[in-house]
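Trainee: only geometry, no sequence info:
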C-alpha cells in the first residue's frame, strides 16, 4: 500500500514536471524539468519492479538511466 502511494506521488511530480517543461518561462526551467522527468521515470520503473516482484525490470531502469 505504501509503495502504491509512492508510485502515485511520483506520477504527480512527473505531471508537475511536464507542466513546467511546457510552460516554463525560461529555457533553463524547461531543461531542468525534462531532466527531472527522466529521473522520476527511472524511479517509477524501479517502484513498479518492486511492486510486481520482478527484479529483472530493474535492469530496464538501469539501462534507461
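Mentor: Alright, I've got the coordinates. Just so we're clear, the structure is a prediction, and the values are computed from it rather than from any experiment.

Trainee: now stretch 47-65, how far from the chain's geometric center?
Mentor: Offset of stretch 47-65 from its chain centre (C-alpha atoms, centre = their mean, to the nearest Å): 13 Å.

Trainee: one more: stretch 8-19?
Mentor: 7 Å.

Trainee: can you list contacts of that stretch?
Mentor: 33-34, 36-37, 40-41, 43-44, 47 (C-beta atoms under 8 Å, 6 or more residues apart in numbering). (C-beta placed from N, C-alpha, C; glycine too.)

Trainee: now a ChimeraX select for only the buried ones of those.
Mentor: A single ChimeraX command is used to select the members of those judged buried by 16 or more other C-beta atoms under 10 Å:
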select :33,36,37,40,41,43,44,47
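
Trainee: TSV please, covering the contacts of stretch 8-19 and showing pLDDT, secondary structure and distance to residue 55.
Mentor: Below are the contacts of stretch 8-19 laid out as TSV (pLDDT from 0 to 100; DSSP: H, G, I helix; E, B strand; the rest coil; distance: C-beta to C-beta, whole Å):
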residue	pLDDT	secondary structure	distance to residue 55
33	95	helix	30
34	95	helix	28
36	96	helix	26
37	95	helix	25
40	95	helix	20
41	94	helix	18
43	93	helix	16
44	93	helix	16
47	91	helix	13
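
Trainee: name the nearest of the contacts of stretch 8-19 relative to residue 2.
Mentor: residue 47 (10.5 Å; C-beta to C-beta).
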